[in-house]
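Q: here is a sequence with its predicted model. Questions after.
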Amino acid sequence: MNTKRLILTALSVGAAFAAHASDGTPLTGCVELDGNKEIIRSGGSQNFLVSEGDAHYLLKFRGECGSLTTASRIEISTDGTADRLCAKDTRVKTDRQTCQVSKVELLDTAQFAAHKRASR
């Protein structure tokens, strides 16, 4: 098996695990993020993690966000307001693409840690 195929297989398995391992509570309303957020790419181009202090979130995309895996810049916004994360209408902008978030889940510390480990 060549290296490229192995990497693609690993990413697919990670994406499948992340998609099915979620047991977070859906976010209702909105939260304002500050500049000290940690973004962890997990699940390939279908979702990613955001942590800020004691608050942890899993963002799932409507479809895929292909540029997420290689983006050097990731911005989260809702209705044009930067660092605003909402249950509806949140967008993630990368260097090359703007992606629609379909669902935001609140994760506890253990869930976040498990997702973070799985993303490595």
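A: Alright, I've got the coordinates. Everything numeric in this text was worked out from a predicted model, so none of it was measured.
Q: rest of the way, CA atoms for contacts and neighbours
A: Will do.
Q: name all residues that make contact with Ser102.
A: By Cα atoms under 8 Å, 6 or more residues apart in numbering, the residues touching Ser102 are Leu59, Lys60, Phe61, Arg62, Lys88, Asp89, Thr90.
Q: name the member of these with the most neighbours.
A: Thr90 (26 neighbours; other Cα atoms under 10 Å).
Q: give me the beta-bridge partners of that one?
A: For Thr90, the beta-bridge partners are Thr78 (DSSP bridges).
Q: where's it relative to Leu106, distance?
A: Taking Cα to Cα, to the nearest Å as the measure, Thr90 and Leu106 are separated by 15 Å.
Q: what does Cys86 give?
A: Cys86 sits 11 Å away from Leu106 when distances are taken as Cα to Cα.
Q: mutual contacts of these two, please.
A: Common neighbours of Cys86 and Leu106 (Cα under 8 Å, 6+ apart) are Leu27.
Q: which residues of this protein fall in helices?
A: In the chain, the helices defined using DSSP state H lie at 3-21, 109-119.
Q: work out the gap between the last one and the centre of the chain.
A: In this case it means helix 109-119. 12 Å (Cα atoms, centre = their mean, to the nearest Å).
Q: over to stretch 54-65?
A: Stretch 54-65 has its C-alpha centroid displaced from the chain centroid by 3 Å (Cα atoms, centre = their mean).
Q: do the same with stretch 104-116
A: 11 Å.
Q: C-alpha coordinates for that stretch, PDB please?
A: Below are the C-alpha coordinates for stretch 104-116, written out as PDB (Å, rounded to 0.1, in the frame of the first residue of the first chain):
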ATOM      1  CA  VAL A 104     -22.600  22.900  16.800                       C
ATOM      2  CA  GLU A 105     -22.400  20.500  19.800                       C
ATOM      3  CA  LEU A 106     -21.200  21.300  23.300                       C
ATOM      4  CA  LEU A 107     -18.700  18.800  24.500                       C
ATOM      5  CA  ASP A 108     -17.500  18.100  28.100                       C
ATOM      6  CA  THR A 109     -13.800  17.900  28.900                       C
ATOM      7  CA  ALA A 110     -13.700  14.100  28.500                       C
ATOM      8  CA  GLN A 111     -15.600  14.100  25.100                       C
ATOM      9  CA  PHE A 112     -13.300  16.900  23.900                       C
ATOM     10  CA  ALA A 113     -10.200  15.000  25.000                       C
ATOM     11  CA  ALA A 114     -11.400  11.800  23.200                       C
ATOM     12  CA  HIS A 115     -12.100  13.700  20.000                       C
ATOM     13  CA  LYS A 116      -8.700  15.400  20.200                       C
END
